[in-house]
Each structure stands twice: as C-alpha cells, then as structure tokens.
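Undergrad: return atomic coordinates for the entry below.
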Amino acid sequence: MADKVVPKTGDERISLPSSRPPVPHGLKVSKFVIYMRKIYRPLGFHKGYNFPLFIVSAGAMLGFTLAKLSNLNVSGSSPGSFKSEAPPGEWYYLSQGHYHFGLAVHLATVLPAGLLMVWQFVPYIRKRYYTFHRINGYVVVILIVLSNVGALMIARRSFGGGLDAQAAVGSLVVLSTVSIGMAMWNIWRLQIDQHRAWMLRAVFYMGTIITSRIIQFATAEIITQIQDYYQVQTCGQMASNYGGAGTLPPDVAAMFPQCLNSTANLPVAVQADFHGNLEQVGASLGLGFGMALWMAILLHLVGVEMYLNLTPGETNRMRAVSYERQLEAGFAHPGSAGITADRWGDAQPWQPERRDTAVSIQSVERTSSTMPIVEK
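TA: Got it, this is the predicted structure:
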C-alpha cells in the first residue's frame with residue numbers, strides 16, 4: 001500500500017499509512033475562540049492564555065508610563081510636571097542637591113524604559129524584526145540600570161524615606177539588576193529559555209510600582225478611618241505645601257504651635273488623613289508606601305514564578321532551540337551552555353529529545369487507539 005507524506009509543523013516529514021483513520025479533533029471550537037485567534041495570531045501569539053496576559057500586563061505598563069510622561073518636566077510649573085503632581089511635602093527634599101539629580105535621572109530613564117520594554121514581548125516583532133528586538137533590548141537594559149541608580153539616590157526621601165521604604169527600594173534594585181544580568185549572560189550564551197525566564201522576572205519586578213500605587217492609595221483610605229497613624233515631618237516640609245514662605249496658614253499653625261518661631265528642621269508628628277490638610281494627605285501616603293512596595297514585590301515574585309512553572313512547554317521548546325543554536329555555534333554542553341540547573345545544581349543532565357522518535361511514538365499511540373478490534 002502506498003504511503004502518503006503528512007507534513008508536520010517542524011522541518012521533518014514523516015510517512016504514515018494512507019488508510020489511517022482520521023484523528024478526532026476534540027470539542028468544537030467556539031466562535032469567540034475563532035474570532036480571538038484572528039486578533040492575536042497575526043501578532044505572533046499561538047496560545048490563547050498568552051494574549052490576555054500580555055494585554056493586561058503590557059497595557060498596565062504602557063498606560064502608567066504614558067500617564068507619567070509629563071513628569072519628565074521635573075521642576076516646571078505646568079499641571080503635569082512632577083513638582084505639581086508630587087505628594088504633599090515630597091518636593092521639599094527632592095528639589096535639593098543630589099536628590100534632585102537622582103530624581104531627574106530616575107524619571108528620564110525609567111519612563112522611556114517602560115515605553116520600550118512592552119514591544120520586547122510581541123512575538124511578531126521579536127521574530128520578524130530581530131535586529132530591532134536586540135537593539136531595543138540593550139537600550140531597555142541600560143535605561144533600567146540607570147533608573148535603579150536614580151532610585152537609590154532618592155530612596156532616603158521618597159514618601160518620607162522610612163527604613164521600610166529604603167529596604168524595599170534596595171531589594172527591588174537588587175532583584176531587577178540580578179535578573180537583567182542573568183538574562184544578558186544567558187542570551188550571550190544562546191540559552192534562550194533562561195533568557196526568557198530572567199527577562200520576564202525583571203519586567204515583572206519593574207511593574208511592582210504600578211501595583212504598589214493601588215495598595216498605597218487603599219492603605220491611605222484605611223488608616224484614615226482608623227485615625228491612629230502618625231508620620232514625622234519637619235516644619236519646613238509642611239510650610240512648603242503652602243508656598244514655601246516658611247510660615248504656616250493660621251489654621252495649620254493652630255494645629256502645630258511648636259512650628260511658630262522655630263527652625264525649619266524641627267520634627268513634629270502629623271496625623272494621617274487622606275481627606276485632611278495637605279500635610280495630613282502626605283502623611284497618609286507616606287506611611288503606606290514601604291508596606292505597599294513590599295506587598296507588591298511579594299505579589300509579583302509569586303506571580304512570575306507561577307507563570308513560569310505553568311508554561312513548561314514553552315520552556316522546553318525554547319531549550320530545544322537553544323540546543324540547536326549552541327550546537328551550530330560550537331559551544332560546549334549544547335542545551336546547557338548558559339546558567340542551567342543541570343550544570344549549576346543537582347538536576348538531571350538535560351538531553352535533547354529526538355523529534356523523529358517522539359513523532360513515531362505519538363503516531364503509534366494514536367494509531368493503536370483508533371484501530372478497530374476485530375473479534376474472530
């Protein structure tokens with residue numbers, strides 16, 4: 001009996017008997033799925049769950065960045081400048097010395113990075129415009145590293161600069177920098193699966209600022225209702241909310257009589273009230289910043305690891321591609337030339353899966369499952 005050639009999705013072609021019964025395709029595909037495939041497949045997405053995840057994460061990053069682009073005007077008087085949009089009392093310290101320089105560096109690098117990084121995860125761009133993907137990736141990496149330098153410079157005064165906030169900023173800098181370093185080393189070693197994993201981690205960590213904002217505003221509302229939270233501010237910091245002339249309005253001065261005829265550095269306790277005076281609004285936002293950032297880091301840490309562990313098929317596919325490219329490049333240990341668990345840990349040595357063997361086994365299993373049983 002003549003054999004007919006059935007093309008596979010890879011480079012190989014296998015021969016199967018022409019009398020093989022058709023393999024059932026399972027449940028009928030709904031119209032909604034067909035419609036969604038027409039949207040996400042031209043963009044290069046082949047898995048239905050990847051597209052909504054991309055829309056949510058990339059959309060949040062893109063939207064937040066576009067909303068904050070006006071902050072590139074750091075010290076201007078326009079409504080969208082950082083000075084105008086900063087929380088009450090924030091500009092008092094960030095307008096001085098190295099804090100102002102660090103703020104300018106941070107905003108000038110992290111906002112362009114947020115705009116550019118989302119395009120790194122569009123499969124169509126990554127495959128069709130590979131040169132753009134590489135150049136854009138290097139630009140994003142440089143911008144993130146510089147933004148981390150700026151973040152460290154202003155951590156002491158951001159939202160009050162508490163030790164919890166400084167520790168959270170420092171931890172976020174370490175997480176993102178190490179992830180970027182691991183991603184770059186692995187791509188230089190053509191370890192594409194690990195490059196994907198570490199770049200996903202880095203971008204997820206950078207997105208914590210968006211989640212922390214949501215938690216921060218929710219916390220401000222909660223502690224306002226409790227009415228038992230206080231933040232230490234200086235008299236000069238509070239006066240900066242009212243024109244910076246060094247004096248407080250009469251109603252505010254009545255609440256803080258110790259600031260009358262005192263130095264600007266005199267510390268006072270300010271009750272957190274998201275709906276109160278300016279200094280009270282600043283206190284409500286500053287008290288929750290460190291906690292909100294830690295919670296956001298935890299959520300994003302768990303989220304990205306869950307995603308990576310739920311997509312082993314994509315990891316295995318990319319490792320097979322890594323094996324082929326490393327083999328062509330002449331690397332030792334092809335398939336594990338980068339930083340992998342089988343070379344740096346106690347995992348079992350990775351072996352490439354033979355496609356012809358895998359296809360033959362699948363063919364035998366499908367044929368046997370559909371073969372009719374003939375009783376003699």
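Undergrad: helix or strand for the closest residue to residue 40 other than its chain neighbours, which one?
TA: Leaving aside its sequence neighbours, residue 40 sits nearest to residue 51 (Cβ to Cβ, 6 or more residues apart in numbering; 3.8 Å). Any C-beta I mention is one placed from the backbone N, CA and C, and that applies to glycine too. For residue 51, the host element (DSSP states H and E) is helix 50-68.
Undergrad: now do the buried residues in that helix.
TA: For helix 50-68, the neighbour count (16 or more other Cβ atoms under 10 Å) marks 50-51, 54, 57-58, 61, 65, 68 as buried.
Undergrad: next secondary structure element downstream of that helix?
TA: helix 82-85.
Undergrad: show me what the helix or strand that contains residue 149 is packed up against.
TA: Using DSSP H and E, residue 149 sits in helix 130-154. Packing partners of helix 130-154 (3 or more Cβ pairs under 8 Å, 6 or more residues apart in numbering; DSSP states H and E): helix 97-117, helix 123-128, helix 163-188.
Undergrad: tell me which of the ones you listed sits nearest to residue 250.
TA: helix 97-117 (30.7 Å; Cβ to Cβ).
Undergrad: CA-only coordinates of the closest one in PDB, if you can.
TA: The C-alpha coordinates for helix 97-117 follow below in PDB (Å, rounded to 0.1, in the frame of the first residue of the first chain):
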ATOM      1  CA  GLY A  97      21.100  68.700  46.000                       C
ATOM      2  CA  HIS A  98      21.700  65.100  44.900                       C
ATOM      3  CA  TYR A  99      18.100  64.200  45.500                       C
ATOM      4  CA  HIS A 100      17.000  66.500  42.600                       C
ATOM      5  CA  PHE A 101      19.700  65.000  40.400                       C
ATOM      6  CA  GLY A 102      18.700  61.400  41.300                       C
ATOM      7  CA  LEU A 103      15.000  62.200  40.600                       C
ATOM      8  CA  ALA A 104      15.800  63.600  37.200                       C
ATOM      9  CA  VAL A 105      18.000  60.600  36.300                       C
ATOM     10  CA  HIS A 106      15.300  58.200  37.500                       C
ATOM     11  CA  LEU A 107      12.400  59.800  35.600                       C
ATOM     12  CA  ALA A 108      14.500  60.300  32.400                       C
ATOM     13  CA  THR A 109      15.400  56.600  32.200                       C
ATOM     14  CA  VAL A 110      12.500  54.600  33.800                       C
ATOM     15  CA  LEU A 111       9.800  56.200  31.700                       C
ATOM     16  CA  PRO A 112      11.400  55.600  28.300                       C
ATOM     17  CA  ALA A 113      12.200  52.100  29.500                       C
ATOM     18  CA  GLY A 114       8.500  51.500  30.300                       C
ATOM     19  CA  LEU A 115       7.500  52.500  26.800                       C
ATOM     20  CA  LEU A 116      10.100  50.400  25.100                       C
ATOM     21  CA  MET A 117      10.000  47.200  27.100                       C
END
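Undergrad: output the contacting helices and strands for it.
TA: Checking 3+ Cβ pairs under 8 Å, 6+ apart, helix 97-117 ends up next to helix 50-68, helix 90-94, helix 130-154, helix 192-206.
Undergrad: which residues touch it?
TA: Helix 97-117 is contacted by residues 61-62, 64-66, 68-69, 71-72, 74-75, 82, 93-94, 136, 139-140, 143-144, 146-147, 149-154, 156-157, 203, 206 when judged by Cβ atoms under 8 Å, 6 or more residues apart in numbering.
Undergrad: now the angle from it to helix 192-206?
TA: If you take axes from the mean of the first three to the mean of the last three Cα atoms, to 10 degrees, helix 97-117 sits at 130 degrees to helix 192-206.
Undergrad: list the buried residues in helix 97-117.
TA: 99-100, 102-114, 117.
Undergrad: from those, which single one is nearest residue 41?
TA: Nearest member of the buried residues of helix 97-117 to residue 41, counting by Cβ to Cβ, is residue 117, at 22.9 Å.
Undergrad: can you name the element that comes right after the strand or helix carrying residue 302?
TA: Element membership of residue 302 [criterion: DSSP H and E] is helix 278-310. Moving toward the C-terminus from helix 278-310, the next helix or strand (DSSP H and E) is helix 312-329.
Undergrad: in that following helix, what's buried?
TA: 314-315, 318-320, 322-323, 325-326.
Undergrad: chain center to that helix, what's the gap?
TA: Its chain's C-alpha centre and that of helix 312-329 lie 24 Å apart, by Cα atoms, centre = their mean, to the nearest Å.
Undergrad: can you check stretch 68-80 too?
TA: Distance, centroid of stretch 68-80 to centroid of chain: 24 Å (Cα atoms, centre = their mean).
Undergrad: circling back to that earlier point, by contact count, what packs against the helix holding residue 302?
TA: helix 163-188, helix 192-206, helix 208-226, strand 230-234, helix 235-239, strand 267-271.
Undergrad: the bottom helix or strand of this protein by mean pLDDT?
TA: strand 13-17 (a mean of 42; mean pLDDT, DSSP states H and E).
Undergrad: what is the subsequent helix or strand relative to that one?
TA: Immediately after strand 13-17, counting by DSSP H and E, sits helix 31-40.
Undergrad: quick one: contacts of that following helix?
TA: With Cβ under 8 Å, 6+ apart, helix 31-40 has contacts from 48, 50-51.
Undergrad: how many neighbours does residue 197 have?
TA: Residue 197 has 23 neighbours, counted by other Cβ atoms under 10 Å.
Undergrad: same thing with residue 229?
TA: So residue 229, with other Cβ under 10 Å, has 18 neighbours.
Undergrad: residue 274 too?
TA: 19.
Undergrad: ok but it is inside a helix, no?
TA: No. Counting by DSSP: H, G, I helix; E, B strand; the rest coil, residue 274 is not part of a helix but coil.
Undergrad: now it. Its backbone dihedrals?
TA: Main-chain torsions, residue 274, degrees, to the nearest 10: phi -70, psi -20.
Undergrad: ok, residue 336 next?
TA: phi -140, psi 30.
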